[in-house]
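Trainee: Provided below are the primary sequence and the corresponding predicted coordinates.
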Amino acid sequence: MLYLEYSYLSLPATFYEKVKPSPFSKPELLLLNQALLDELHIQPQNPQAFLSFLLNQEEGDAFGSFAQAYAGHQFGHFTKLGDGRAIVIGEYVSATKQRYDLQLKGSGRTAYSRGGDGKATLKSVLREYLMSEAMHALKVQSSRSLAVVKTGEMVQREKPHEGAFLIRLMKSHIRVGTFEYARYFGSSQDLKALTKYTIQRLYPEIEQEENQALALLKKAMLVQIDVVVDWMRIGFIHGVMNTDNTAISGETFDYGPCAFMNVYHPQTVFSAIDTQGRYAFGNQPSIIKWNLAKFAEALLPLLHPEPETALKLAQGAIDEFEDNWYKKYYKMMLLKIGIEDVSPENYALVNELLAIMKELKLDYTNTFLALSQDLVETGSTMDSVDFKNWKVNWMSVMLNATGMVQAKKIMEANNPAFIPRNYLVEEALEKATVGDFTQFEQLLKVLQNPYQYQESLNQFTIPPAEEFETSYTTFCGT
Ligand code: AMP
Ligand code: MG
């Protein structure tokens, strides 16, 4: 039905446990992502047969599903982890030669489950499906969701919940934590093998480099900067940026306690477990730098045989973060205001606008939408003196640098009109978990086309009531 490969199993056995999904008596396919199937040229004749195929893969020496071993720094603390509730069914290679892990999340216990049940609640799985597909449409590198399957079992959390699993696709689930695992729990051969495999799989273009580990570190830095810049562009807060949730491929993944910012404030945080605000919106760049430093530490023995030189090389690479970050960040922010000229003298326009937005407590998405749609109305909060002065300044730079027609085009391509606003997501999930998918499907549909503003869909642009915003918290691992 579908030819699957197992290149990951060429790694030393310490990197995985061969394991099959738990048997479920009545698995029921709730959602199937037809657009993604089409994109990948996967054409199951019958969805139910496709599901049985995935759940009943035969295990053998050279193939068979597996859970991945990894470690990670969670909220700054180092721990041994691993796929406690996820199993890679196999790797699918598309017609364009792109390799994807086909993974089930929530399909039962593995050797890495520790005290957990290996399961997931329907609500958390639907949330990940909606968020990841929204992120993809928002043009952010992300894991994809292929299907949601109800298991027919109840999952015990603070109360019993309906259980489900997600079928997820990623270019690779190799993460910073996989390298930390190799470095601190494996041998130097293990670290070497993982590095070689990762380069072959994700970045074959650096195979020719003299110092491959250093090239991998720099590559990972650039792709991570790109993805976090995109998060900042759309107001996304990942919420749990632990090193085990930082993919070397640069894909956003693990949509646990993530949320979208409404009113602009860099300290915005929604995750119930992030009591210190470590992963707040504005901290995301410094956290990704920290995670990359952990990646560099894990790679040290491969950077150079002399520890001191290795450290210098690692430090040198990490020191390049700021320069790369600011260039990419300001380029993105200037595009949000329609300016293609990335000269540093234009950076002040971005900083001033953000300061005004913070002061006036403006909605992040709607402010940029208003600017790109030319909807800034007199009488609104945006009509402050500071905002007016900023606009005059902005207009003159923008007209000079880009011109109105081109600027509008760029702004519309970079500023979404529709984001998965937290209250819309919660409402849709509440209904969907009791079997009413109307709102869920409607929201999913709107989010497929986030950059195309339509007045008829205005209800999806409305920010939440203040009470909702201040009391909203998200939970992960549910
Ligand atoms: P996450 O916060 O989803 O990235 O998960 C962190 C770690 O906890 C990973 O090793 C997961 O596999 C594990 N984990 C989360 N939930 C469960 C669960 N219900 N059962 C077993 N392991 C889990
Ligand atoms: Mg994770």
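Mentor: Ah, there it is. Ligands and ions are numbered 1, 2, ... in the order given.

Trainee: In this protein, which strand is the longest?
Mentor: strand 144-156 (DSSP state E).

Trainee: For it, output the C-alpha coordinates as CSV.
Mentor: Extracted C-alpha coordinates of strand 144-156, given in CSV (Å, rounded to 0.1, in the frame of the first residue of the first chain):
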residue,chain,number,x,y,z
ARG,A,144,2.3,18.2,9.5
SER,A,145,-0.8,16.3,10.7
LEU,A,146,-2.1,13.5,8.5
ALA,A,147,-4.9,12.1,10.6
VAL,A,148,-6.6,11.9,13.9
VAL,A,149,-7.7,8.5,15.1
LYS,A,150,-10.0,8.0,18.1
THR,A,151,-8.8,4.9,20.0
GLY,A,152,-12.1,4.0,21.6
GLU,A,153,-10.4,4.0,25.0
MET,A,154,-10.6,6.5,27.8
VAL,A,155,-7.4,8.2,29.0
GLN,A,156,-7.1,9.2,32.7
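
Trainee: How about the residue of the chain found nearest ligand 2: what's its closest non-neighbour residue?
Mentor: Closest to ligand 2 within the chain is residue 254: 4.1 Å, counting by C-beta to the ion. C-beta: built from backbone N, CA, C; applies to glycine. Setting aside the residues directly before and after it, residue 254 is nearest to residue 245 in space (C-beta to C-beta, 6 or more residues apart in numbering), at 4.4 Å.

Trainee: count of neighbours near the residue of the chain closest to ligand 2?
Mentor: 25 (other C-beta atoms under 10 Å).

Trainee: Now do the SS call for it.
Mentor: coil (DSSP: H, G, I helix; E, B strand; the rest coil).

Trainee: these two touch, right, it and residue 241?
Mentor: No. Using C-beta atoms under 8 Å, residue 254 is not in contact with residue 241; the gap is 9.4 Å.

Trainee: Which elements pack onto the longest helix along the chain?
Mentor: As assigned by DSSP state H, the longest helix anywhere in the chain is helix 212-234. Other helices and strands packing on helix 212-234, by 3 or more C-beta pairs under 8 Å, 6 or more residues apart in numbering; DSSP states H and E, are helix 188-202, helix 284-303, helix 307-319, helix 321-336.

Trainee: from the ones you listed, which stretch is densest packed?
Mentor: Compared across these, helix 284-303 shows the largest average neighbour count, a mean of 21 (mean count of other C-beta atoms under 10 Å).

Trainee: Could I get the average pLDDT for that helix?
Mentor: For helix 284-303, the mean per-residue pLDDT is 98.

Trainee: is it up against ligand 1 anywhere?
Mentor: No. Using C-beta under 6 Å from any ligand atom, helix 284-303 stays clear of ligand 1, with a minimum separation of 13.3 Å.

Trainee: packing partners for that helix?
Mentor: For helix 284-303, the packing partners by 3+ C-beta pairs under 8 Å, 6+ apart are helix 176-185, helix 188-202, helix 212-234, helix 307-319, helix 321-336.

Trainee: Run the angle between the fourth one and helix 284-303 for me.
Mentor: Translated: helix 307-319. Helix 307-319 runs at 150 degrees relative to helix 284-303, counting by axes from the mean of the first three to the mean of the last three C-alpha atoms, to 10 degrees.

Trainee: The shortest one now?
Mentor: Put simply, helix 176-185 runs at 40 degrees to helix 284-303, going by the same axes, to 10 degrees.

Trainee: Now find how far off-centre helix 176-185 is within its chain.
Mentor: 21 Å (C-alpha atoms, centre = their mean, to the nearest Å).

Trainee: The longest one too?
Mentor: Here helix 212-234 is found 13 Å from its chain centre; the criterion is C-alpha atoms, centre = their mean.

Trainee: Tell me which of the helices and strands packed on helix 212-234 lies nearest to residue 231.
Mentor: Taking C-beta to C-beta, helix 284-303 is the member of the helices and strands packed on helix 212-234 nearest to residue 231, at 6.1 Å.

Trainee: The closest one near ligand 2 anywhere?
Mentor: No. If you take C-beta under 5 Å from the ion as the test, helix 284-303 misses ligand 2, and the best it gets is 12.8 Å.

Trainee: I'd like the next helix or strand past the longest helix of the chain.
Mentor: strand 236-237 (DSSP states H and E).

Trainee: which residues are in contact with the helix or strand following that following strand?
Mentor: Sequence-wise, the next helix or strand downstream of strand 236-237 (DSSP H and E) is strand 259-260. With contact meaning C-beta atoms under 8 Å, 6 or more residues apart in numbering, strand 259-260 is reached by 234-237, 239, 270-271, 365, 419-422, 472, 474.

Trainee: Cool, thanks, signing off.
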